[in-house]
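> sequence plus the predicted model coming up.
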Amino acid sequence: MDFNLAGMLAVVAIFLVTHWFLKIVFFRPMMRIMGRREERVESAQEVYEAARERTEEALEEEQENLNEARQEAAEHREELRREAREERSRMLAEVREEAERELAEVRSQLTEQVEEERRVLEERARKLADEMTERLLGRAV
C-alpha cells in the first residue's frame with residue numbers, strides 16, 4: 001500500500017474546510033435557532049408557571065372569600081334567629097302582661113260587681129225583713 005501524504009493532506013484540508021464551512025453556515029445558525037427556541041420554551045414555561053401560581057393564589061383567595069362569606073352568612077342567620085327569639089320572648093312577655101292586666105281588671109270589676117250585688121241584696125233583704133216585720137206586727141218599725 002502506498003501512502004500518499006499529499007492526498008492525505010488534501011483530504012484533511014478538505015475535511016477541515018468542510019467542517020469550518022458547515023460550522024459557520026449550518027451548525028452555528030442551527031445552534032442559535034435551537035438556543036432561541038430553548039429560551040422561548042423556558043420563557044413560555046416560566047410564564048405558564050407564573051400564571052398557574054397566580055391562578056392558584058386567586059383560587060385560594062376566592063376560596064377564602066367564599067368561606068368568609070359562608071361564615072358571615074351563618075353568623076348573620078344566627079343573629080337573625082337570636083333577634084327573632086328575643087322579639088318572640090318580648091312579644092310573649094307583653095301579651096302575658098296585657099293578659100294579666102286584663103285579668104286583674106276583670107277580677108277587680110267582678111269584685112266590685114259582687115260587692116255591689118251584695119249591697120243590693122243586703123238592702124233588699126233588709127227592706128224585705130222590714131216589710132215582713134211590719135206585716136207581722138201590723139205597724140211600721
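Right, received. Where do you want to start?

> next one: the helix or strand harbouring A104 to chain centre, how far?
Assigned by DSSP states H and E, A104 belongs to helix 28-137. Put simply, helix 28-137 sits 16 Å off its chain's centre (C-alpha atoms, centre = their mean, to the nearest Å).

> same question, stretch 27-45
So, by C-alpha atoms, centre = their mean, the centroid of stretch 27-45 is 51 Å from its chain's centroid.

> what's the answer for stretch 128-139, then?
Here stretch 128-139 is found 90 Å from its chain centre; the criterion is C-alpha atoms, centre = their mean.

> output that stretch in PDB with nothing but the alpha carbons.
Taking Å, rounded to 0.1, in the frame of the first residue of the first chain, the C-alpha atoms of stretch 128-139 are listed here in PDB:
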ATOM      1  CA  LEU A 128    -137.900  42.600 102.900                       C
ATOM      2  CA  ALA A 129    -137.200  41.900 106.600                       C
ATOM      3  CA  ASP A 130    -138.700  45.400 107.500                       C
ATOM      4  CA  GLU A 131    -141.700  44.700 105.300                       C
ATOM      5  CA  MET A 132    -142.200  41.300 106.900                       C
ATOM      6  CA  THR A 133    -141.800  42.700 110.300                       C
ATOM      7  CA  GLU A 134    -144.300  45.500 109.500                       C
ATOM      8  CA  ARG A 135    -146.900  43.000 108.200                       C
ATOM      9  CA  LEU A 136    -146.400  40.700 111.100                       C
ATOM     10  CA  LEU A 137    -146.600  43.400 113.700                       C
ATOM     11  CA  GLY A 138    -149.000  45.500 111.700                       C
ATOM     12  CA  ARG A 139    -147.100  48.600 112.300                       C
END
